[in-house]
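With the sequence up front, the predicted model follows.
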Amino acid sequence: MTHHPAALYNATHQARSVAPTSYESLLGDSIERAFAAGIHDLPGLVQYLNTAGPSGPNGQAWTPESYQQEMARLAAS
């Protein structure tokens, strides 16, 4: 089946007007590695980020709350 390009849906992050920052790229890569390792729950993801990096906002350790706040902040930008 072929699709017409105009009919495709682009999620917000796919249609960004600027390239991701180094921090956003590192964070995204680390989240992808966690998912690839079979980690799909928030506590496990936070633990993975605290081990593998990058550090949370302001260099702090990640918590479930800080992860959710950072994802909301990044989604709004």
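Looks like it came in fine.

Can you give me the neighbour number for the closest residue to residue 27 other than its chain neighbours?
Spatial nearest neighbour of residue 27, excluding adjacent residues (CB to CB, 6 or more residues apart in numbering): residue 54 at 5.8 Å. No exception for glycine: its C-beta is placed from N, CA and C like everyone else's. Applying other CB atoms under 10 Å, we find 15 residues neighbouring residue 54.

wait, what's in contact with residue 54?
Listed by CB atoms under 8 Å, 6 or more residues apart in numbering, the contact partners of residue 54 are 23, 26-27, 30.

Find the nearest non-adjacent residue to the most centrally placed residue in the chain, please.
In the chain, the centroid-proximal residue (CA atoms, centre = their mean) is residue 28; its distance is 4.1 Å. Leaving aside its chain neighbours, residue 28 sits nearest to residue 20 (7.0 Å; criterion: CB to CB, 6+ apart).

Likewise for residue 74?
Among residues not flanking residue 74 along the chain, residue 24 sits closest, at 6.6 Å (CB to CB, 6+ apart).

Surely the one you found and residue 71 touch.
No: contact between residue 24 and residue 71 fails when scored by CB atoms under 8 Å: they sit 11.1 Å apart.

Which of the two has more residues huddled nearby?
Using other CB under 10 Å as the criterion, residue 24 and residue 71 rank with residue 24 on top: 15 against 12.

if we can go back for a sec, ok, the residue nearest to residue 74 to residue 30 distance?
In this view, residue 24 and residue 30 are 11 Å apart by CB to CB, to the nearest Å.

Mind naming the longest helix for the chain?
Longest among the helix segments of the chain by residue count, using DSSP state H, is helix 22-36.
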